[in-house]
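*Asks:* structure, please.
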Amino acid sequence: MRISVLPVGAVDEENLEYIRRALQKAFPEASISSSREAMPLPTEAYNTIRDQYDSNGILSKLRLLPKSEAGRLLGVTEADLYVPSMNFIFGQAHNLSGIAVISTRRLRPEFYAQPPDRQLFLERCAKEAIHEIGHTHGLDHCVNPACVMYFSNSIKDTDRKTSSFCRNCHAKALEALKSSSSSRPNG
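*Replies:* Numbering: from 1, shown residues only. Prediction:
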């Protein structure tokens, strides 16, 4: 399985590399790559009233990009994201297409008037990246608040959970990975 990490708009390369390494740790059997060339933020996804980007518009653009067989694509942006039914989101995934996006904007302590904390910021990025790629493997939200698949309604939820799958979600992830690798044609 392949996971590609793609910047959407300007994103710090060190942040992308940390996310790539975190995904490699969470999905050790996967081949993880990251691109230095960014996809531009789609202007049609920008909502001037909200000063945010509709993540569905970004996912639509990501879906048009070529991806390898049995691959997943994670867009990473510093833009603030929302879906029409929510004030904001940390990320979103379309599990059937294998496409996901996360926003780093609200993961920064500075967003909450806290002093900068690079390590905390990077850990939050890793958790949200693993969470969204988990969704691309068919995993749902988990009821265990320590599991990376727990729904983050606020940054406190993100901070409470770990970057690891609970026992149940880990088993589901392994099953999903086995079925995706066995369904690939030989060649």
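
*Asks:* which strand or helix spans the residue nearest the centre of the chain?
*Replies:* Centroid-nearest residue in the chain: residue 129, 3.2 Å away (criterion: CA atoms, centre = their mean). Residue 129 belongs to helix 118-136 when assigned by DSSP states H and E.

*Asks:* what's next to whatever helix or strand comes next after that helix, contact-wise?
*Replies:* Beyond helix 118-136 on the C-terminal side, the first helix or strand identified by DSSP H and E is helix 155-160. By CB atoms under 8 Å, 6 or more residues apart in numbering, the residues outside helix 155-160 that reach it are 90, 106-107, 112, 120, 124, 127-128, 145-146, 150-152. No exception for glycine: its C-beta is placed from N, CA and C like everyone else's.

*Asks:* just stretch 127-139 next, same as before
*Replies:* 3, 5, 19, 22-23, 26-27, 72, 74, 76, 90-95, 97-102, 107, 148-149, 152, 158, 161-163, 165, 169, 172-173, 176-177, 180.

*Asks:* quick revisit: in the helix holding residue 129, which residues are buried?
*Replies:* By neighbour count with 16 or more other CB atoms under 10 Å, helix 118-136 contains the buried residues 120-136.

*Asks:* now residue 71, nearest residue through space, not along the chain?
*Replies:* residue 2 (4.0 Å; CB to CB, 6 or more residues apart in numbering).

*Asks:* distance of the one you found from residue 23?
*Replies:* From residue 2 across to residue 23, the span is 11 Å (CB to CB, to the nearest Å).

*Asks:* so where is this structure shaky, pLDDT-wise?
*Replies:* 67-70, 180-187 (pLDDT under 70).

*Asks:* how about the strands in it?
*Replies:* Taking DSSP state E, the strands of the chain run over residues 2-8, 31-34, 46-47, 52-54, 71-77, 81-82, 91-94, 99-103.

*Asks:* can you tell me which of those strands is most buried?
*Replies:* strand 99-103 (a mean of 27; mean count of other CB atoms under 10 Å).

*Asks:* picking up where we left off before, can the strands of the chain go into a markdown table with extra columns for distance to residue 40?
*Replies:* Listed next are the strands of the chain as a markdown table, based on distance: least, CB to CB, whole Å:
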| stretch | distance to residue 40 |
| --- | --- |
| strand 2-8 | 8 |
| strand 31-34 | 17 |
| strand 46-47 | 11 |
| strand 52-54 | 12 |
| strand 71-77 | 11 |
| strand 81-82 | 16 |
| strand 91-94 | 19 |
| strand 99-103 | 14 |
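
*Asks:* understood, closing this out.
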